[in-house]
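In: fold the following.
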Amino acid sequence: MSTKSGSPIIKLSLVSLTIGGLSIGMTEFLMMGVLPDISRTLSISIPEAGHLISIYALGVVIGAPLMVALAGDYPPKKVLIGLMLMVFVFNGLFSIAPNYGLLLVARFFAGLPHGAFFGMGAVVASRLAEPGREARSVSVMFAGLTVANIIGVPLGTYIGHNLSWRLSFGVIALFALIAIVCIQFWMPVLKAKGGVGFKESLKIFGKTELWLVIGISAIGTGGFFAWISYIAPVMTYVAGFGGNMVTVIMVIIGLGMAAGNFVGGRLADRFSPLITTGVLLLSMIAVLCCFVFLTHYKAPAILMTFLTGAVGFAVIAPMQILIMQVAKGAEMLASSVLQATSNFGNALGAYLGGLPIAAGFGYTSPEYVGCALAFCGLLFCLILWSRNNKQLPEPIPKYL
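Out: Numbers count the residues shown, from 1 in each chain. Here you go, the predicted structure:
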């Protein structure tokens, strides 16, 4: 079979990455849906069960650089299979672990391959893409996360509520196994990209441009998470929807994320990753402001949830391409670290978004926090743009 860019085997390779992204997306987000079920069956409090979310995030942060270091000069196909094998094994162990302590251990190790899979997957997707189509190729891989939110998480939550949460995580392990088989048979053998070793690649952290992109990810994307973390109370107490509509609303958000994912990839290819990221962060500020005023009316509130989900996820592919272009020679490490910093943005947005609610400013107040975080990300984009303009008349970097 041909391995020419755009051939059927290349498209199947991207599908295999999508399936892997689906299993990891379910691993990360399903826990929120079945948390009460785990709390009840293990006879632990909701906060204790919530530690299973935190320990996963810790695994993502630690695993991003660790897995890249261990990957060394192994071919990408073998690395991706190895990472997905970890997802399979530790989700399988999580589904049968007899006590809370072992659940924590399994959950931590399930988080280790998260950042490295998306980091390596992004590098592979860009290498398989035709010139000028790198961002949309990367967006195909990240479509797995959107499918997880549209179908996987609701399905897993339903199974967890009506059958067993253990069975839900068994389903995740099954998806991981399917991804392993697909990668094995569909992905061409790519040579390990030559270049600097892991120790040498750490020098990229001395580049100001890299830290600016990390700032966009860790702070700027926090605006989206400040909004989505409190979507249930704002849609029930402000918009007036019944509790049974929350699942439907989450599916609508997932559909928006899916649409935004592909649009973001195409915009980044047509213009540039940096310009696209900046425009999308500015758009995030606009939609969050509109959400505050329109969420009191049901129909506009539904429309705004779709648009906010779309804008929030559209920035993922452009940022992934941007950081790979900034970190030439250490793309996998930088791309993996970006995944870890996005988890920081998740935690930061949720924490800061909850402060005004606790202070009594209402359920729409997190949107103002989200605007502030997105504005910080926009400032980082402008600083990065300014720094590169000052380098003229040297050749303009590709990420401009």
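In: can you list the domain ranges for this protein.
Out: For the chain, whose domains are defined here by automatic domain parsing, the residue ranges read 1-187, 194-400.
In: put together JSON lines for those domains, with mean neighbour count on each row.
Out: Glycine gets a C-beta too; all of them are placed from N, C-alpha and C. Formatted as JSON lines, the domains of the chain follow (neighbours: other C-beta atoms under 10 Å):
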{"stretch": "domain 1-187", "mean neighbour count": "20"}
{"stretch": "domain 194-400", "mean neighbour count": "20"}
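In: just put those in a markdown table and tack on mean pLDDT.
Out: Below are the domains of the chain laid out as a markdown table (pLDDT from 0 to 100):
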| stretch | mean pLDDT |
| --- | --- |
| domain 1-187 | 83 |
| domain 194-400 | 84 |
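In: now Ala148, nearest residue through space, not along the chain?
Out: Taking C-beta to C-beta, 6 or more residues apart in numbering as the measure, Ala148 lies nearest to Gly25, with 2.9 Å between them; neighbours along the chain are not counted.
In: for Gly377, that is, sorry about that
Out: Sequence neighbours aside, Gly220 is the residue nearest to Gly377 in space, at 1.6 Å (criterion: C-beta to C-beta, 6+ apart).
In: hmm, the one you found is touching Leu280, no?
Out: No - with contacts counted by C-beta atoms under 8 Å, Gly220 stays clear of Leu280, the gap being 9.4 Å.
In: against Ile44, how distant is the residue nearest to Gly377?
Out: 35 Å (C-beta to C-beta, to the nearest Å).
In: kindly report the same for Gly119.
Out: If you measure Gly119 against Ile44 using C-beta to C-beta, the figure is 33 Å.
In: I figured Ile288 was touching Ala374, is that so?
Out: Not quite, residue 288 is Leu, not Ile. Yes - using C-beta under 8 Å as the test, Leu288 is close enough to Ala374 to be in contact (7.1 Å).
In: what touches both of those two?
Out: Here Leu288 and Ala374 have Gly223 as joint contacts, going by C-beta atoms under 8 Å, 6 or more residues apart in numbering.
In: residue boundaries of the strands in the stretch 101-250 of the chain?
Out: When secondary structure is read from DSSP state E, counting those that start in this stretch, the stretch 101-250 of the chain shows no strands.
In: where exactly do the helices run in it?
Out: 134-147, 153-162, 165-186, 198-201, 208-215, 222-228, 231-233, 246-270 (DSSP state H, counting those that start in this stretch).
In: and the longest one, what does it pack onto?
Out: By that I understand helix 246-270. On a contact count with 3 or more C-beta pairs under 8 Å, 6 or more residues apart in numbering; DSSP states H and E, helix 246-270 meets helix 134-147, helix 153-162, helix 231-233, helix 273-294, helix 298-314, helix 316-326.
In: contacts only, for Ser336.
Out: Remark: with contacts taken as C-beta under 8 Å, 6+ apart, Ser336 is in contact with 64-65, 67-68, 115-116, 118-120.
In: show me which of the residues you listed is closest to Gly349.
Out: Taking C-beta to C-beta as the measure, Gly349 lies nearest Gly115 of the contacts of Ser336, at 18.2 Å.
In: noted, bye for now.
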